[in-house]
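1. 3D model of this:
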Amino acid sequence: MSPNRKRALTAVVSVLAIAGSALWIFWSQFKAPKYNVGLHQRVGEVMAEQTAKLAGPKGRVVLITIPTAGELELKTQLEAFRKSLKKLGDYDLKEYEMDTKDQPKYGVGTGLSGRRFVRTVNKNEKADVFVSFVGAPEFKDEEIAELKKLPIFIAESRSPDHLPKLFQKKLIQVAVVSRYLFPAPGPRNPKTPQEWFDKRYQIVAAKTVSTIPKPE
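-> Numbers count the residues shown, from 1 in each chain. As a prediction, this is how the structure comes out:
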C-alpha cells in the first residue's frame with residue numbers, strides 16, 4: 001500500500017473514531033434516562049400491589065395525578081402502576097389529572113391539597129380506593145368535615161411528617177414514602193429494583209406509623 005493510501009486510510013479511521021465518540025457522548029448525555037428507571041417502575045408496582053390489597057380482587061379505583069410532561073419519574077411510575085394493576089385483579093380505573101398551572105409545588109409525591117382531595121372523594125362516593133402519586137394532603141378541620149365518607153386512601157409521599165395525623169384520623173391506610181429509617185435493609189450497593197426500592201423508599205401503615213420521627 002502506497003504512503004498516500006495509508007495516510008488516507010488512517011484519516012478515515014480517525015474520523016470514524018471521532019464520530020463514534022461524539023455519538024456515544026450525545027446518547028449518554030441526551031438520550032439515556034437520567035434517573036433510575038427500574039426503581040421507579042418498582043414504585044409503581046408497589047403502589048399497585050398495595051392498592052390491590054386494599055381493594056380486594058376487584059373494585060373501583062380513583063387515581064389522582066398530574067400531567068407527566070417533564071416528569072419522567074412520574075410517567076414511569078404511572079405506566080408501571082397501570083400495567084401491574086391490570087395483572088392483579090379486575091379494577092375499574094378512573095383517573096383525575098390535576099391542572100398544576102406550572103406551580104413548582106406539584107411533583108412526584110407532593111402537591112395534593114386537602115380541598116382538591118375532598119372534592120375528588122365527594123364526586124366518587126362509590127370508589128373503593130383512592131390513589132395519589134402527588135402526595136397526601138395536610139387537611140384543615142373544615143375540609144375533613146366536608147367529606148361525605150372516610151376514604152380508603154393510599155399515597156406516595158415525599159415527606160412522612162404529617163402522616164401520623166392522617167393515620168390517627170383514619171384518612172389514609174398506606175403511604176409509600178421516601179426512606180427515613182436508616183440503615184436501609186438490603187445490600188449497601190443495590191442491584192435489583194426491589195433492593196433500590198428498599199434503599200430509597202419504605203411502606204408506612206397504621207401499625208408502623210409510630211416509627212416516623214417527630215419533626216423538630
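2. please make it C-alpha for all contacts and neighbour counts, starting now.
-> Fine.
3. how about the closest residue to F133 other than its chain neighbours, secondary structure?
-> In space, and not counting its chain neighbours, F133 is closest to E156: 5.0 Å by C-alpha to C-alpha, 6 or more residues apart in numbering. For E156, the secondary structure call by DSSP: H, G, I helix; E, B strand; the rest coil comes out as strand.
4. so who does E156 touch?
-> When contacts are counted by C-alpha atoms under 8 Å, 6 or more residues apart in numbering, E156 touches M47, V108, G109, S132, F133, V134, G135, A136, A175, V176, V177.
5. wait, the third one touches V131, no?
-> What it means is G109. No: in this structure, G109 is not within contact of V131 by C-alpha atoms under 8 Å, at 11.3 Å.
6. give me the common contacts of those two.
-> The contact lists of G109 and V131 share A155, where a contact means C-alpha under 8 Å, 6+ apart.
7. for the two, indicate the residue with more neighbours.
-> Legend: neighbour count by other C-alpha atoms under 10 Å for G109 and V131, higher for V131 (24 against 21).
8. hmm, the more buried one is touching F153, no?
-> Yes: proximity of V131 to F153 meets the contact threshold set by C-alpha under 8 Å, at 6.0 Å.
9. sec struct for R60, please.
-> strand.
10. show me where this protein has strands.
-> Using DSSP state E, the strands of the chain run over 58-65, 90-97, 129-132, 153-157, 174-178, 201-205.
11. nearest to Q168, out of these?
-> Evaluated with C-alpha to C-alpha, these place strand 201-205 nearest to Q168, the distance being 10.9 Å.
12. what's that closest one packed up against?
-> Counting contacts by 3 or more C-alpha pairs under 8 Å, 6 or more residues apart in numbering; DSSP states H and E, strand 201-205 packs against strand 174-178.
13. the strand it packs on: partners in the sheet, and parallel or antiparallel?
-> Partner strands for strand 174-178, per DSSP bridges, with pairing direction: strand 153-157 (parallel), strand 201-205 (antiparallel).
14. so of the ones you listed, which one's packed in deepest?
-> Greatest average neighbour count among those goes to strand 153-157 (a mean of 25), per mean count of other C-alpha atoms under 10 Å.
15. rounded mean pLDDT for that one, please.
-> Mean per-residue pLDDT for strand 153-157: 98.
16. tell me the gap between it and the middle of its chain.
-> Per C-alpha atoms, centre = their mean, to the nearest Å, the displacement of strand 153-157 from the mean C-alpha position of its chain is 10 Å.
17. also stretch 112-125?
-> Distance, centroid of stretch 112-125 to centroid of chain: 20 Å (C-alpha atoms, centre = their mean).
18. in that stretch, what counts as buried?
-> Neighbour counts over stretch 112-125 (16 or more other C-alpha atoms under 10 Å) mark L112, S113, G114, R115, F117, V118, T120, V121, N122, N124 as buried.
19. so the third one touches P137, yeah?
-> Yes: between G114 and P137 there is a contact at 5.0 Å, judged by C-alpha under 8 Å.
20. next, the contact list for A69, please.
-> Taking C-alpha under 8 Å, 6+ apart as the definition of contact, A69 has no neighbours.
21. since that was my last question, I'll sign off now.
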